[in-house]
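Student: need coordinates for the following:
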Amino acid sequence: MRLSIAAIGRMKAGPERELVARYLDRAIGGGKPLALTGFDVIELPESRASSSASRKADEAKALRAALPEGIIVALDERGKSIGSEAFSALIARWRDDGRPAASFIIGGADGLDPAFVASADMTLSFSPLTWPHQMVRIMLAEQLYRTTTILSGHPYHRGD
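Tutor: Numbers count the residues shown, from 1 in each chain. Below is the predicted model:
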């Protein structure tokens, strides 16, 4: 199963981008024996529409066009919070069910279009707090890497 992060906006070169790359490189290596592939980042430009609603609608349209067929997980502070082990089990279940891909979506400065969030297979929250998209990318990349370690029995994750 192919895993990807799709985000509105581009990360500039710097430590945040390097950290995302480091976690995703680790995930690529750990994911191969688990039949988890990809771990790529799709960056889409922010809309230049004049209103927030129009920007979100434009960005949702661009996201739909860019995403592979498969599971869509919208990241939103109003979504469901789950632990790392449950997150890993969910990805493993999707893989075992033969899902071709899972895309994790990070909105732009205005957030995600409500209709896009409603149409997602899952809405996931890392916290009820609002986080900068750079931080969300880092946290998501780390959780994808952590998933590979949990599923392979690697001691990186020290759960209960």
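
Student: who does the lengthiest helix in the chain touch, helix- and strand-wise?
Tutor: Taking DSSP state H as the criterion, the chain has its longest helix at helix 133-152. Applying 3 or more CB pairs under 8 Å, 6 or more residues apart in numbering; DSSP states H and E, we find helix 133-152 packed against strand 2-8, helix 15-31, helix 84-96, strand 101-106. (C-beta placed from N, C-alpha, C; glycine too.)

Student: quick one: mean pLDDT over it.
Tutor: Mean per-residue pLDDT for helix 133-152: 95.

Student: other residues contacting it?
Tutor: 3, 5, 7-9, 11, 16, 19-20, 23-24, 26-27, 30-31, 33-34, 36, 39, 41, 75, 84-85, 87-88, 91-92, 104, 106-109, 126, 131, 154-157, 159 (CB atoms under 8 Å, 6 or more residues apart in numbering).

Student: flag every buried residue along stretch 1-14.
Tutor: 1-9, 11 (16 or more other CB atoms under 10 Å).

Student: would you turn those residues into a markdown table with pLDDT and distance to Ile138?
Tutor: Formatted as a markdown table, the buried residues of stretch 1-14 follow (pLDDT from 0 to 100; distance: CB to CB, whole Å):
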| residue | pLDDT | distance to Ile138 |
| --- | --- | --- |
| Met1 | 97 | 22 |
| Arg2 | 97 | 21 |
| Leu3 | 98 | 16 |
| Ser4 | 97 | 16 |
| Ile5 | 97 | 11 |
| Ala6 | 97 | 16 |
| Ala7 | 97 | 12 |
| Ile8 | 96 | 16 |
| Gly9 | 93 | 14 |
| Met11 | 91 | 10 |
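
Student: nothing else from me, thank you.
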